[in-house]
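**Q** The following comprises the amino acid sequence and a computationally predicted model.
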Amino acid sequence: MKSNNKWLIAGLIVLIAVVASAVYVVENLHNVGITVQTNGTSVNVKASSVLPVPSAMITEMNEKALADVQDEDSTVSSVKADMQAIAKEYNYTATVTIQSQFGKDQLPMPATVNGTSMLPTLQDGQNLILLKTDNYKVGDIVVAKHPDYGLIVKRLAVINGSMVYLKSDNNKTEVVGTETIYENGYYQVVTIEKTPLSTWLPRENIIGVVKDY
């Protein structure tokens, strides 16, 4: 009788373990780990799950992640939220990690130099990779949003409270053309000169620090 009880108890333990395992598997069928691998110019989304996830979901995530990486307003949090939103459409709960050349949950972004204001350090048309961060210091080359000129690449010269002063490496005044004007009864040709931009901006306008160029 005692022997039968032992076998019954052992059987119940095995049954409980099997049921617990089955419940765990069922509960985690729709949990997925998402890793967004990016170098700033390309992305590769990988999924880790109990069962294979729909390829359409990964395709959609890749497309959205690439758009996010190239978006000046995206953040680590917004990228993760976008991946979770796509996963939810497919009835999955996603835990998202970003991996880049700068480390875990560090978001790079591509940019291109427009103009000669950063000569000789940077050339017109040169491609850059910046790290989106608010951890910067005087002397860093940064990308910032300017209200009139859009994205600009400048040297961080001064940090003063909530404002920063951004300077061009190239301080030479450039003659960009001529213009004929009428003044005091005479026509005269004057030169049009352009001085590289240096400007004060709010600290929040800095998108990140240039890392690769």
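**A** Looks like it came in fine.

**Q** just the helices in the chain please.
**A** Using DSSP state H, the helices found in the chain span residues 2-28, 55-69, 76-89.

**Q** Looking at the longest one now, give me its mean pLDDT.
**A** Right, helix 2-28. In this model, helix 2-28 has an average pLDDT of 50.

**Q** same thing with stretch 161-169?
**A** Rounded mean pLDDT across stretch 161-169 is 97.

**Q** now do the same end-to-end measure for stretch 197-205.
**A** Stretch 197-205 has an end-to-end distance of 16 Å (C-alpha to C-alpha, to the nearest Å).

**Q** Likewise for stretch 44-57?
**A** Stretch 44-57 end-to-end distance (C-alpha to C-alpha) = 13 Å.

**Q** and that stretch, which residues are buried?
**A** By neighbour count with 16 or more other C-beta atoms under 10 Å, stretch 44-57 contains the buried residues 45, 47, 53, 57. Just so you know, the C-beta spots here come from the backbone N, C-alpha and C atoms, and that holds for glycine as well.

**Q** And for stretch 30-48?
**A** Buried residues in stretch 30-48 (16+ other C-beta under 10 Å): 30, 32, 34-36, 38-40, 43, 45, 47.

**Q** sorry, back to before: which one of the buried residues of stretch 44-57 is nearest to residue 183?
**A** residue 45 (63.1 Å; C-beta to C-beta).

**Q** Now the residue nearest to the spatial centre of the chain: closest residue in space, sequence neighbours ignored.
**A** Most central in the chain under C-alpha atoms, centre = their mean is residue 107, positioned 3.8 Å from the mean C-alpha point. Leaving aside its chain neighbours, residue 107 sits nearest to residue 132 (4.6 Å; criterion: C-beta to C-beta, 6 or more residues apart in numbering).

**Q** show me the contacts for the one you found.
**A** 74-76, 107-109, 207-208 (C-beta atoms under 8 Å, 6 or more residues apart in numbering).

**Q** can you check residue 90 too?
**A** 53-54, 56-57.

**Q** Show me which pair in those is furthest apart.
**A** Among those, 53 and 56 lie farthest apart (C-beta to C-beta), at 9.3 Å.

**Q** Specify the residue ranges that define each domain of the protein.
**A** 2-104, 108-212 (automatic domain parsing).
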